[in-house]
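Student: Provide a 3D model corresponding to the input given below.
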Amino acid sequence: MMYPYRLALIRWARLASGCVVALFVGAAVPSRAHAAAPSLPPGAKDLGWGGRMRINGADMNVRLFRAPGSPLAVGAAMARQVGRSAWLLPMPDGVMLTGADGVRPWLVQLRQAGPQVSAGVVAIAQSTRPFAPVRAPWLPEGGELWLDVESVEDGVKVVQQVCGYPDDAVSLARALDAALRRGGWRRTSASAGAASQWRRAGRLLQLLVVESGAGSAVVSIEIVGRMSGWRLQ
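Tutor: Numbers count the residues shown, from 1 in each chain. Modelled structure (predicted):
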């Protein structure tokens with residue numbers, strides 16, 4: 001059943017904003033970029049994945065897996081496969097390993113999945129074509145798109161975007177509210193805080209507005225398809 005895999009991918013996407021930016025920045029650094037993607041670690045169970053993923057406009061080959069060991073231990077073992085050319089970066093509940101095979105970026109994300117068990121995602125760009133992220137049409141003008149992750153599986157599309165703005169968080173939240181209402185979205189969350197949930201014609205949208213340096217940013221997850229009745233945690 002693909003449902004647990006899709007949930008894992010959604011959870012991974014919610015953590016990936018900093019990781020994916022680092023991936024594409026890291027791929028531009030010659031001293032660290034040229035490393036082939038590592039293979040799965042010993043004892044890992046390949047969960048496969050029958051869907052499609054695109055990161056910042058680049059089509060990715062994606063594999064999900066589970067491996068014995070903590071994220072740090074598994075990540076360190078995979079990093080040893082590719083040597084010093086890869087970046088191993090700590091995350092709040094795991095690690096991220098990134099590099100590039102020539103000019104094709106790749107990413108490994110590892111999260112704690114139980115006592116001495118890690119859940120992992122390997123994403124490798126399929127081609128070397130230029131990246132072309134596409135802003136969601138409901139985003140207010142004046143922002144810079146930092147991350148665009150799109151996955152499709154069993155007819156369900158999940159899009160996560162992170163967009164930075166020079167405005168403060170309160171002003172951005174107001175601009176988002178106005179833009180969404182003009183676009184026909186209906187707010188379904190009762191809270192008037194930084195997090196909100198919206199619906200429109202079979203689409204579920206969750207937003208989180210955060211302070212970012214001197215400005216702010218909005219983190220969004222949009223689900224299109226039959227999962228739209230499921231409330232994201």
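Student: what residues are up against the nearest residue to Val156 once chain neighbours are set aside?
Tutor: Spatial nearest neighbour of Val156, excluding adjacent residues (Cβ to Cβ, 6 or more residues apart in numbering): Gly225 at 3.6 Å. To be clear about C-beta, it is placed using only N, CA and C from the backbone, and glycine gets the same treatment. If you count contacts by Cβ atoms under 8 Å, 6 or more residues apart in numbering, Gly225 has them with 154-157, 202.
Student: For Leu110, see how far away Ala125 is.
Tutor: 19 Å (Cβ to Cβ, to the nearest Å).
Student: Most neighbours of all the contacts of Gly225, which one?
Tutor: Neighbour counts for those (other Cβ atoms under 10 Å) peak at Val156, which has 18 neighbours.
Student: For the protein, which segments count as helices?
Tutor: Shown for the chain, the helices assigned by DSSP state H span residues 3-15, 17-26, 30-33, 71-82, 169-182.
Student: wait, doesn't Asn61 sit right on Gln126?
Tutor: Yes - using Cβ atoms under 8 Å, Asn61 makes contact with Gln126 at a distance of 5.8 Å.
Student: Tell me the pLDDT of the residue nearest to Tyr165 when sequence neighbours are not counted.
Tutor: Spatial nearest neighbour of Tyr165, excluding adjacent residues (Cβ to Cβ, 6+ apart): Gly143 at 4.6 Å. Gly143 is assigned a pLDDT of 92 by the prediction.
Student: Share the number of residues neighbouring Gly143, please.
Tutor: Neighbours around Gly143, by other Cβ under 10 Å: 21.
Student: Surely it and Gln161 touch.
Tutor: No - with contacts counted by Cβ under 8 Å, Gly143 stays clear of Gln161, the gap being 9.8 Å.
Student: got any residues that touch both of the two?
Tutor: Common neighbours of Gly143 and Gln161 (Cβ under 8 Å, 6+ apart) are 135, 218.
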